[in-house]
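Student: turn this into a model:
(chains A and B)
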2 protein chains.
Amino acid sequence: MNREENIGNELDIENEEFVALLSKRVNTTSQIAIVGSNICPIESLDYEIVENELFKQDWRSRKKVEIFQYVILKWAFALLIGLFTGLVGIFNNIAVENLSGFKLLMTTNLMIQHKYFKAFAAFAGCNVVFAAAAAALCAFIAPAAAGSGIPEVKAYLNGVDAYSILAPGTLFVKIFGSVLGVSAGFVVGKEGPMVHTGACIASILGQGGSRKYHLTWKWLRYFKNDRDRRDLITCGAAAGVAAAFRAPVGGVLFALEEAASWWRSALLWRTFFTTAVVAIVLRAFIQLCSTGRCGLFGEGGLIMYDVSAAAARYSGSDILAVILLGTIGGIFGSLYNYLVDKVLRVYSILNQKGAAFKVCLVIIISLLTSCCAYGLPWLATCIPCPTDESISCPNTDKSGNYKSFQCPPGYYNDLASLFLNTNDDAIRNLMSTSTVKEFHIYTLFIFFAAVFCLGIITYGIAIPSGLFIPVILAGACYGRLVGRLFETISKLDAGLFALLGAASFLGGTMRMTVSLCVILLELTNDLLLLPLVMLVLLISKSVADIFNKGVYDQIVKLKGFPYLEAHAEPYMKQLVALDVVSGPLITFSGIEKVGNILHALRTTGHNGFPVIDDPPLSDAPELCGIVLRSHLLVLLKGKAFSKDRIFAGEEIFHRFAVFDFAKAGSGKGIKVEDLDIEEEEMDMYIDLHPITNTSPYMVVETMSLAKAAILFRQLGLRHMCVVPKSQGRPPIVGILTRHDFMPEHILGLYPHIKPHKYNFDYCWLFVFCLPSVLFLVVDD
Amino acid sequence: MNREENIGNELDIENEEFVALLSKRVNTTSQIAIVGSNICPIESLDYEIVENELFKQDWRSRKKVEIFQYVILKWAFALLIGLFTGLVGIFNNIAVENLSGFKLLMTTNLMIQHKYFKAFAAFAGCNVVFAAAAAALCAFIAPAAAGSGIPEVKAYLNGVDAYSILAPGTLFVKIFGSVLGVSAGFVVGKEGPMVHTGACIASILGQGGSRKYHLTWKWLRYFKNDRDRRDLITCGAAAGVAAAFRAPVGGVLFALEEAASWWRSALLWRTFFTTAVVAIVLRAFIQLCSTGRCGLFGEGGLIMYDVSAAAARYSGSDILAVILLGTIGGIFGSLYNYLVDKVLRVYSILNQKGAAFKVCLVIIISLLTSCCAYGLPWLATCIPCPTDESISCPNTDKSGNYKSFQCPPGYYNDLASLFLNTNDDAIRNLMSTSTVKEFHIYTLFIFFAAVFCLGIITYGIAIPSGLFIPVILAGACYGRLVGRLFETISKLDAGLFALLGAASFLGGTMRMTVSLCVILLELTNDLLLLPLVMLVLLISKSVADIFNKGVYDQIVKLKGFPYLEAHAEPYMKQLVALDVVSGPLITFSGIEKVGNILHALRTTGHNGFPVIDDPPLSDAPELCGIVLRSHLLVLLKGKAFSKDRIFAGEEIFHRFAVFDFAKAGSGKGIKVEDLDIEEEEMDMYIDLHPITNTSPYMVVETMSLAKAAILFRQLGLRHMCVVPKSQGRPPIVGILTRHDFMPEHILGLYPHIKPHKYNFDYCWLFVFCLPSVLFLVVDD
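Tutor: Residues are numbered from 1 along each chain as shown, chains lettered A, B, ... in the order given. Predicted coordinates for the structure are as follows:
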């Protein structure tokens, strides 16, 4: 810096401004970031290749064998992610089936002996114990493991790293918390947590184990950057879905449609390999377990609903019923999202009061769930068993269609068949074909109301809780209900109606299309249903899109993650890049004083600093590039100082390797507080050229903000330089980061801009009338 | 321009240099662009939003109703594309089944009467007539309709518009030529052409009809830009696959994995809607045709191979057979690609000799095919019919498993069952389950050899010819052959082996994974096969990738399309943007003389010109933006001239609307020759500011070429400005276009750079050994 004389003063001013700006920014974001028991520090990820001198030198000397190692490792990781995720999936299922099977069998046995109060005590007691254990794990060990985890993975793949979201502790709690939570009979799924689990496994593998637990492999240095980690975590998310639903293709598509913000065709192939490994692992273990070696697992577990027994012929009147289902699904879906959002806001306030409070909340919800599950079946009247000999009714198995409950022999309680089962089995019962009259209409109605409400109040408590199963459960229930109501008009099987209902509710809450369609097809193993499932998904998504956003998008927003949308907002076309540049710009000279750097690092939270070559280093001030905080810290820690302003490239090449600058796992890098700089070193110089990224992406200040946003988003940047249009001014006018593109920030700066967002995507519903009419005409 | 005094001279020099450069570039590209009977002009597409003053003004005044119109139209287009593509798919199938059914029935009838020569004459005669008709259509009306069309669509979606590739004439010839070609008994498919057909339909709809045939809708102006056209054509390609294979999800995935270079999640949804419409249309018509109202269609047609009858249980030894199949598929696949490439090079020389020559070539190949199809079955011995009563054997239907041919009653000729059928029916026969002994091993061998060779020499002749069917046919054949050989070891059904063989050969030639997997599953309607199909695809793709590229990539390269790869080549890291800037830079002043502009337009082929504001328009020369040739031509045609150097913004806003500058369909814009500028107008001035895109993407000259390439590719640019690093120089040093990133260009400039491309992606095969071993261990 050739403005050394007033640097102290200048920095003070900058600092004050910065604090003011920071507080302002906190104000704008505080409105959205109200969730999260402990406000977690968020860090942006950087997918740009840092092309500094060190990198270039290393790249030039890279040997063929190193590239070979890298590729082998890449595929080995894909394999290991698939393997471990598959194993965890199997473990989850075996554990859940055995725990909840034990609980349900005990309850049923007591019921048969007419010890109704003891039965309730055993049922509710087991539930509360499991729930409390899950909550304690979650509240005391890893709060980040609460919830579905899909929003966090989605945010990570968008470039937002929330603190400890992929840490080993989170993984541990996610696995065991999910098992306990599902076994506790909550209306939650283990599918969302599986996605998070897959992502955690991928992240931990990619980081080369956990330094905290002394499990690291040093030769994994190639993967110590955000780009490769992103790829691994994408594979992990896909593997999670594949393991949860036994849907390998669905897993790939889920990663593509919902999870990932960036996609390359090379990744498609690797993800596909990962999910193929998952499929093989699952198949091997299912074959193993079918011989009865896995306890109670093997009878139920690993959801797979076979509706192929039902004829898939459908005619015009069925289509009408399906359109109705889609519409209902859209309305219920958006209502569900709205209520989940409200409940989450309330819970986030409650959860902030401490870990003990969290556990209490979980226990209350658990008791409520137990009361519903045990109490509501008393409302149902006993139904005589069907005369079909092949059906065991009433049965006392863990998973069974016809639960006896309080009924006399020869009768069954249809509501108990739904409530006193695992969620997987309840869904299987709802989707069972050729059993039209099994469930009474009122039963379905009561169950739907209970599951809908319980699902809403359960998500957000401090246990790992997936959203898929509650949604499928409620959807299948009203689907079957509609089927019952349309009995006279439509010839479709009630089981198919349940499937289509589940599809419609999934479409209405999650707003995915292709991936849900494939997942459902892989679950039900019947491709002939494809047109119906597509139809119902398209309608429910469109209807729901009129009202609000998808549930995962809502949670991402609620958690305050600065999520970058794929498209630029329309109002950005009215602004230019300079308009949103905020804050004081702190630049370094190519050879800078240690004291200045240290001061800048200490007083700001910036992660990238422009480096400017001033005379005599160049003829006129010119932008040399950007230097990263983490790289500066490595240089400072290594004390690569010199007494004079000289180029120290050779020395730095000698003393540092490119992997010394590799990005550590989140929260594991060097911190400013770790530095130990002596007083006399403060006046020494440090040559920044070797670590300066000389190819930063830049835009001119008059660049339309919309186009700058597209550049930023498409390339996955963390910093973007804004350069002046005219000559004779300093060579850089500001740096744009993710936060500068957030609607809250921009609209805070320019309150007069109206972000009229027309969402006309439901228009296709009008357009859609045509083919339906055509279909009806042709068909009849 | 303030360098008016020497402009003439300067431009002359530039022109000479440009011609030299052009010839050099032609030299480098001529090595690759040897295919194509008439060297077709190639134009780059531009996905950048041209944010000039006119656009901004229009955008600000855009009304809500216009956005509504746009969205409605978008969905209406998706609907119409699905509708029309579905209808064309149905038409194709009905026409083919009837034409070739007529031919085959006639032949069979003559055979039954032992009139063998008459039968051959009828068979070969029909074939030659159909073939000659297809070739004549192709050679005289639309040469662009020859071949599969998928490479061209792929190139278009990458940003390369080849002349008339999506024109109405091409569509017409593609549909009828494909029907005739397939009916002529060639070893070609109608699936590839269906993709091209879908893309053509989308393009023509998006262009608002054809101006040539006076079919235009004026209110479609919103879609007159490359971005919206790209989206439509992506939908069209997906619809084509969906219609060809009755695979709606497969269609979406095909568009995503193989066809599209850019993808947005919004597109996923719209594509999905399009393919859903296709599925509905197909289903409606199949239901209609099942009553016999479509002639011979209904018995066969619209490929759907049902292998679900075969048990999908498999054990370790089956996996070994499958791994072997995958390896064979990879080797045959790469061999196939190699041979197709060689044959295409020979044909391209032959085809250049004229349209008549093309037709002759087609007739020769047709005769050869007829001789094979009619001659080779004589080599087969007659096989006694199976004793099963339910099978009609020998049968005389159009499509049947057991053709009598020359055999006495009670016997059938298994080779004739394959040769004297449509390709679809032959595949169905090969994949038929529970008929292990139906085909003799020698029969399968002969048929495989014939189909493999015929497939290679048929692709490239002047008829629309798909690659899917030849590949599936050959693959199913050797799959069944391997099944027969492994009879004693593997318990998998021969039909399943045929399916897996087809998968392996598809993987080996086309190198797709997920989309092929889903297409095959949708074709066979058996999800339990998923792990096996995944395995075989992964192995065959990896094995084949060791040797060469996918067949479509090869053809794209052979046709000389400047296809931009998704990743930057490694050697680009050694270069900076300035290193590849080529050619003379022609810049305009903000208010420029008409004569200068006209001269530049006439003497160069450039499509974008930087606009520089010199004093007195600004304090120092500064880059104002980029102006496009097409926009300049509109201004010149409209004669928006002024006598003095004055800002004419208001006048231009008054006289021109933004849609006057909308991009016309390919080859339909104003040309320089269309202009009629008087001598005195040459000295007048024209204000370029209103049409200058003031937000061009730019990189600094020292930007690493690899990162510049990523920027260029990710954002789908046509022009990228290279600006100087230091101040005091002209504000722009060059423009990069697609050609500057081509390996041929860069390696031509820097011959010392060795593009060592390590392809280690087959590494996963080693990695893969682990789970196979695990699987075998667990399984047995």
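Student: from B:Val518, how far off is A:Thr170?
Tutor: As for A:Thr170, its distance to B:Val518 is 33 Å (criterion: C-beta to C-beta, to the nearest Å). C-beta here means a position set from N, CA and C on the backbone, and glycine is covered the same way.
Student: my bad, should have said A:Gln554
Tutor: Counting by C-beta to C-beta, the gap from A:Gln554 to B:Val518 is 30 Å.
Student: go on, A:Ala355?
Tutor: 46 Å.
Student: quick one, which of the two is more surrounded?
Tutor: B:Val518 (30 against 17; other C-beta atoms under 10 Å in any protein chain shown).
Student: against chain A, how distant is the more buried one?
Tutor: Per C-beta to the nearest C-beta, to the nearest Å, B:Val518 is found 6 Å from chain A.
Student: name the helix or strand for that residue, please.
Tutor: Using DSSP states H and E, B:Val518 maps to helix B:514-524.
Student: likewise A:Phe332?
Tutor: Judged by DSSP H and E, A:Phe332 forms part of helix A:316-351.
Student: leaving out chain neighbours, which residue sits closest to the residue in the stretch 501-650 of chain A that chain B sits nearest to?
Tutor: Nearest residue of the stretch 501-650 of chain A to chain B: A:Met534, at 4.3 Å (C-beta to the nearest C-beta). Spatial nearest neighbour of A:Met534, chain neighbours left out: B:Ala276 (4.3 Å); criterion: C-beta to C-beta, 6 or more residues apart in numbering or on different chains.
Student: for the one you found, list the residues it contacts.
Tutor: Contacts for B:Ala276 (C-beta atoms under 8 Å, 6 or more residues apart in numbering or on different chains) come out as A:Pro531, A:Met534, A:Leu535, A:Leu538, B:Gly82, B:Pro248.
Student: just checking, the second one touches A:Cys517?
Tutor: Yes. Counting by C-beta atoms under 8 Å, a contact exists between A:Met534 and A:Cys517, whose distance comes to 5.7 Å.
Student: find the residues that touch each one of these two.
Tutor: Joint contacts of A:Met534 and A:Cys517 (C-beta under 8 Å, 6+ apart) are B:Phe272.
Student: what about the helices in the stretch 401-550 of chain A?
Tutor: Here the stretch 401-550 of chain A has its helices, by DSSP state H, counting those that start in this stretch, at A:414-419, A:423-430, A:441-458, A:468-485, A:494-510, A:514-524, A:530-547.
Student: report the angle between the fourth one and helix A:316-351.
Tutor: When you say that, I think you mean helix A:468-485. Per axes from the mean of the first three to the mean of the last three C-alpha atoms, to 10 degrees, the angle that helix A:468-485 makes with helix A:316-351 is 140 degrees.
Student: list the buried residues for helix A:468-485?
Tutor: Under the neighbour-count criterion of 16 or more other C-beta atoms under 10 Å in any protein chain shown, helix A:468-485 has A:468-484 buried.
Student: ok, which of those also contact chain B?
Tutor: Among those, proximity to chain B is found for none (C-beta under 8 Å from any C-beta of the partner chain).
Student: checking my notes, A:Ile735 in a strand, right?
Tutor: Yes. When classified by DSSP: H, G, I helix; E, B strand; the rest coil, A:Ile735 is found to be part of a strand.
Student: which residue is the nearest non-sequential neighbour of it?
Tutor: Spatial nearest neighbour of A:Ile735, excluding adjacent residues (C-beta to C-beta, 6+ apart): A:His719 at 5.3 Å.
Student: so where's the stretch 201-350 of chain A uncertain?
Tutor: For the stretch 201-350 of chain A, applying pLDDT under 70 flags the ranges A:208-221, A:295-314.
Student: show me which residues of it are close to chain B?
Tutor: Going by C-beta under 8 Å from any C-beta, the residues of the stretch 201-350 of chain A near chain B are A:248-249, A:252-253, A:256-257, A:263-266, A:268-269, A:272-273, A:276-277, A:279-281, A:283-285, A:287-288.
Student: now do the strands in the stretch 501-650 of chain A.
Tutor: Assigned by DSSP state E, counting those that start in this stretch, the stretch 501-650 of chain A shows strands spanning A:588-589, A:591-593, A:608-613, A:622-628.
Student: pull up the pairing partners for the third one, direction included.
Tutor: Listed by DSSP bridges, the sheet partners of strand A:608-613 and their directions read strand A:588-589 (parallel), strand A:622-628 (antiparallel).
Student: contact partners of the shortest one?
Tutor: Which is strand A:588-589. Against strand A:588-589 from outside (C-beta under 8 Å, 6+ apart): A:1-2, A:596-597, A:600, A:609-614, A:617, A:627, A:688.
Student: and the residues you listed, which of them are buried?
Tutor: A:1, A:596-597, A:600, A:609-614, A:617, A:627, A:688.
Student: could I get those residues as CSV with distance to A:Ser417 and pLDDT?
Tutor: Shown next, in CSV, are these (distance: C-beta to C-beta, whole Å; pLDDT from 0 to 100):
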residue, distance to A:Ser417, pLDDT
A:Met1, 76, 35
A:Asn596, 73, 91
A:Ile597, 69, 92
A:Ala600, 67, 91
A:Phe609, 65, 93
A:Pro610, 67, 93
A:Val611, 69, 93
A:Ile612, 73, 91
A:Asp613, 76, 88
A:Asp614, 79, 84
A:Leu617, 79, 77
A:Val627, 65, 93
A:Leu688, 70, 90
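Student: and those, which two are furthest apart?
Tutor: Taking every pair in the buried ones among the contacts of strand A:588-589 and measuring C-beta to C-beta, the maximum separation is 19.1 Å, between A:Ala600 and A:Leu617.
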